[in-house]
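> Everything below, folded, please.
(one chain, ligands or ions: 2)
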Amino acid sequence: MRALRTLQWVGLVLLALGVGAGGLWYSAFGRSKPIVDGQSVAEGVEQVKDGFVSLFIVDAGAGKVVLVDAGNDQLGRALLAALGKRGLSASSVLAIFLTHGHPDHTAGCNLFPGAQVYALNSELPLVGVAAKVTHPLVDGEVTDVDDLRVETFAVPGHTSGSAVFLARGVLFFGDSAGASKSGQLMQAARIFTADPTENVASLKALAARLGPRAGEIKELAFAHTGPLAGLKPLLAFARSH
Ligand SMILES: [Zn+2]
Ligand SMILES: [Zn+2]
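Ligands and ions are numbered 1, 2, ... in the order given. Model (predicted):
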C-alpha cells in the first residue's frame, strides 16, 4: 500500500511539473511562428526541426555542408535523417557554428567528431564539454569554410557570448530573437535569457550595423520559430524599442 501511495505522489508531482513547464513554455513561445521541418529558408539553407528547437543545414560545396547549431538530440535522429535524404552522412559536415552554448543547441555536436566547431570566444565557458570549440571567434570575424563564407556578429544578452551568423544571405539568430505569428521580430524569450535589456540593445546595435547592407539580407532565421523575410523586421524592432 505504501509503495502505491508513493507512486501516486510521484505521479502527481510529475503532473504538476509538466503543467508548470507547459505554462512557461507557452508564455515563452506561444505567440511564435511555428517551425516547418525541412523548410528551405533560402537557397542552400534548410531548417531542420528537432523537437522544440531547430538547426540549419547550409550548403558549403558539392556534398559538403555546415551546420548552424546541432540540436537537442544527442542521437541526432532528425538531423541525420535530413542529411540521409540528400545522400549525406556525418562525415559530410565540415563545420558547426554554435549560436550559443545552451544544451538544446549543442547536444548533437558529439555526432560529428570530424567537424570544426566555431563559437564566440566569450561563449566558451557555457559551451563547456558539450563540444570542443576548435575555432574561437571574435565579433566581426569572417570565416571561409570551403565555398561558404560566414560572418560573425556578437549579440550578448540571451547569453554573454551569443552570436548571430550571416551566411548565404541569411542571418542566423539562434535564441537571440524569434518570429511572431504576425511576422514581427521578438526579443529573446525573457525567462531563458541572462540579460533581456542587453539582448534588446544588441539587436538594436545589429540593426544599425546591418541597415546599410539591407540588400544583402534575404532572410532572418531563428532557432525556436519559423523565419522572416528580409532585414525589415529587425529594423522595425529597432525603431520600436
Ligand atoms: Zn538559448
Ligand atoms: Zn534554445
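
> and the one residue sitting closest to the centre of the chain, what does it touch?
What sits nearest the mean C-alpha location of the chain, by CA atoms, centre = their mean, is Gly174, with 2.8 Å. Gly174 sits next to Val68, Asp69, Thr99, His100, His105, His158, Ser162, Ala163, Val164, Phe222, Ala223 when contact means CB atoms under 8 Å, 6 or more residues apart in numbering. Bear in mind the C-beta positions are built from the backbone N, C-alpha and C, glycine included.

> What is the burial count for the second one?
Counted by other CB atoms under 10 Å, the residues lying close to Asp69 total 29.

> Quick check, pLDDT for it.
In this model, Asp69 is scored at 98, pLDDT.

> In the contacts of Gly174, find the pair that's most separated.
Pairwise distances across these (CB to CB) peak at 15.1 Å, for the pair Val68 and His158.

> can you tell me how far the residue nearest to the centre of the chain sits from Ala188?
Plainly put, Gly174 is 9 Å away from Ala188 if you go by CB to CB, to the nearest Å.

> Same check on Ala42?
In terms of CB to CB, Ala42 sits 23 Å off from Ala188.

> how about low-confidence regions in the protein?
1-29 (pLDDT under 70).

> Repeat the analysis, applying 50 as the threshold.
23 (pLDDT under 50).

> Get me the contact residues on it for ligand 1.
Residues of the chain that fall close to ligand 1, judged by CB under 5 Å from the ion: His102, Asp175.

> In the chain, what residue spans correspond to helices?
Ranges of helices within the chain are 2-29, 77-85, 103-106, 124-127, 196-210, 232-240, based on DSSP state H.

> on that earlier part again, any common contacting residues for Gly174 and Ala188?
Common contacts of Gly174 and Ala188, defined by CB under 8 Å, 6+ apart, comprise His158.

> The longest strand along the chain pairs with which strands?
The residue-count maximum for a strand in the chain (DSSP state E) belongs to strand 53-61. Next to strand 53-61 in the sheet, as set by DSSP bridges, lie strand 45-50 (antiparallel), strand 64-68 (antiparallel).

> which other residues reach the shortest one?
Contacts to strand 64-68, defined as CB under 8 Å, 6+ apart, come from residues 55-60, 79, 83, 88, 92-97, 99, 108, 112, 115, 145-148, 150, 165, 167, 172, 174, 221.

> Take these and keep only those in strands.
Using DSSP E, the subset of the contacts of strand 64-68 located in strands is 55-60, 93-97, 145, 148, 150, 165, 167, 172, 221.

> follow-up on the earlier one: not counting sequence-adjacent ones, nearest residue to the residue nearest to the centre of the chain?
Nearest residue to Gly174, sequence neighbours excluded (CB to CB, 6 or more residues apart in numbering): Thr99, at 2.5 Å.

> Isn't the one you found up against Ala163?
Yes: counting by CB atoms under 8 Å, Ala163 is a contact partner of Thr99 at 5.5 Å.

> Write out the residues of this protein neighbouring ligand 2.
Asp104, Asp175.

> Can you mark which positions in the longest strand of the chain are buried?
The neighbour-count check on strand 53-61 (16 or more other CB atoms under 10 Å) flags Val53, Ser54, Leu55, Phe56, Ile57, Val58, Asp59, Ala60 as buried.

> Quick check: bridge partners of the closest residue to the fourth one other than its chain neighbours?
Once its chain neighbours are removed from consideration, Phe56 has its nearest residue in Val68; the separation is 4.1 Å (CB to CB, 6+ apart). Note on Val68: beta-bridge partners Phe56, Phe97, judged by DSSP bridges.

> gap between Val68 and ligand 2?
Distance of Val68 to ligand 2, computed by CB to the ion, to the nearest Å: 12 Å.
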